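**Q** starting from these lines, generate the structure:
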Amino acid sequence: MISIGIEQLIAAPPPSFTGKRLALLCNQASTDRHFRHSRDLIMQTFPGQLTCLFSPQHGFFSEKQDNMVESDHAADVASGLPIFSLYGETRKPSAAMFEHFDILLIDLQDVGTRVYTFIWTVVYCLQRAAESGKKVVVLDRPNPVGGHTVEGNLLKPAFRSFVGLYAIPMRHSLTMGELALLCNQEMGIDAELEVIRMQGWQREMFFTDTGFPWVFPSPNMPTPLTALVYPGQVIWEGTNISEGRGTTLPFELVGAPFINPTQVLQHLAETGIDLPSCVLRPLAFEPTSGKWAGQSCAGFHLHVTEPQTFRSYRLSLALYQALFQLYPEEFAYKQPPYEYEYDLLPMDLILGDQQLRHAVEQGADIIELERCWEKERKPFDALRQAVFLYPAR
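**A** Below is the predicted model:
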């Protein structure tokens, strides 16, 4: 069983916290192994010092279902503390918000994928902290999809947005603490930043290997398996293909009314692309909300048979290419806005590169694209290893 950052903090309270006003960026998933919330643990360990809370996308209770569904500032019923929403009227905290404390603690469960917005909320907090002269302490948690496998292309600068503010690949293999260190340094933020490390976590671990309980960090991230398929399956947010929102298996299901699963499987077989450790099981599902709500969608349930060799991004790009080629009249891209970007195509923001979209549309070999990304990622590989808090074997 690992010990996460909040548990390490409570076990050995830093003397430097004495007399300091504390704030906490968190949500309902910010708990220890006994499901005790970090807010309560901090209030017990540092009586009278916690002055306010901050919440990321989806709200303090992870109750907001979709993108660009904002949360208002509120008062925490349990503690009476103010909750400042960082997914409402603003995504970057204001200078006035930072007047309430001396040290900002961050305890959020990331999912290891570039487009998951929590890390970019952290980056905005680091920027404000640098401007305000405040310290940030990240209470580290596991990367649920491991710290050893990197997938995908680097984000191109022209497509920076709230789903990607720095050039990292789709599956980045860093913990939130490591990624905060990397962005603080490489983006030139230079905030006063400390990471309280986990004990016992190893880079080869998936979340199910940690012995730690999973608490869903956002409403459509119900299980660790969801996190495993998410680096690829998130691309459907940029299309009219259902990613399973409005069902009990978000991101594990993919489909639309116009799809013929047998035809898709045959098309994939003809391309000869290697899609290891996954079974695409044909089925139909009916979303209760979101895209195609109340309509029967034909498609697939993704069954991962071996997490170590499964490649979600490859699989989803191959499916994307197949659907684009097979159903040119029915397949469509979502139009702006997407995560507060009102001009660029959402798919380009998600992929992080318009040229990649064009390459997929034109039938590019996905495996050959991966080989190109491996070469392009060499500078990133050096950067990520420089911030490793948990050595690779």
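**Q** how about the strands in this structure?
**A** 22-25, 50-55, 74-75, 82-85, 103-106, 135-139, 192-196, 253-256, 278-285, 297-304 (DSSP state E).
**Q** check which residues of stretch 253-261 are buried.
**A** By 16 or more other Cβ atoms under 10 Å, the buried positions in stretch 253-261 come out as 253-256, 258-259, 261. Yep, even glycine has a C-beta here, placed from its N, CA and C like the rest.
**Q** all the helices of the chain, in order from the start?
**A** Secondary structure of the chain (DSSP state H): helices at 5-11, 38-45, 118-132, 176-186, 224-233, 261-271, 312-326, 346-351, 354-361, 366-376, 378-386.
**Q** buried stuff in stretch 311-325?
**A** 311-324.
**Q** and the strands of the chain, which one averages the lowest pLDDT?
**A** Among the strands of the chain, strand 74-75 has the lowest mean pLDDT, at a mean of 90.
**Q** ok, and what's touching it?
**A** For strand 74-75, contacts defined as Cβ atoms under 8 Å, 6 or more residues apart in numbering pick out 60, 81-83, 85.
**Q** hmm, 6 Å instead?
**A** By Cβ atoms under 6 Å, 6 or more residues apart in numbering, the residues outside strand 74-75 that reach it are 82-83.
**Q** rewinding a little: make TSV out of the buried residues of stretch 253-261 and add distance to T90.
**A** Listed next are the buried residues of stretch 253-261 as TSV, based on distance: Cβ to Cβ, whole Å:
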residue	distance to T90
L253	34
V254	33
G255	36
A256	35
F258	40
I259	39
P261	43
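**Q** between those residues, which is nearest C26?
**A** L253 (29.6 Å; Cβ to Cβ).
**Q** for the lowest-mean-pLDDT helix or strand in the chain, what is the distance to the chain centroid?
**A** Using mean pLDDT, DSSP states H and E, the weakest-scoring helix or strand in the chain turns out to be strand 74-75, at a mean of 90. Chain-centre distance of strand 74-75: 25 Å, with Cα atoms, centre = their mean, to the nearest Å.
**Q** strand partners of it, parallel vs antiparallel please.
**A** Paired with strand 74-75 in the same sheet, following DSSP bridges, are strand 82-85 (antiparallel).
**Q** in the strand it pairs with, which residues are buried?
**A** 82-85.
**Q** and these, which two are furthest apart?
**A** Every pair of the buried residues of strand 82-85 checked by Cβ to Cβ; the farthest is P82 and S85, at 10.2 Å.
**Q** same list (the buried residues of stretch 311-325) but as a markdown table, adding pLDDT and distance to F118.
**A** Rendered in a markdown table, the data for those read as follows (pLDDT from 0 to 100; distance: Cβ to Cβ, whole Å):
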| residue | pLDDT | distance to F118 |
| --- | --- | --- |
| R311 | 98 | 23 |
| S312 | 98 | 19 |
| Y313 | 98 | 19 |
| R314 | 98 | 24 |
| L315 | 98 | 24 |
| S316 | 98 | 21 |
| L317 | 98 | 24 |
| A318 | 98 | 28 |
| L319 | 98 | 26 |
| Y320 | 98 | 25 |
| Q321 | 98 | 29 |
| A322 | 98 | 31 |
| L323 | 98 | 29 |
| F324 | 98 | 30 |
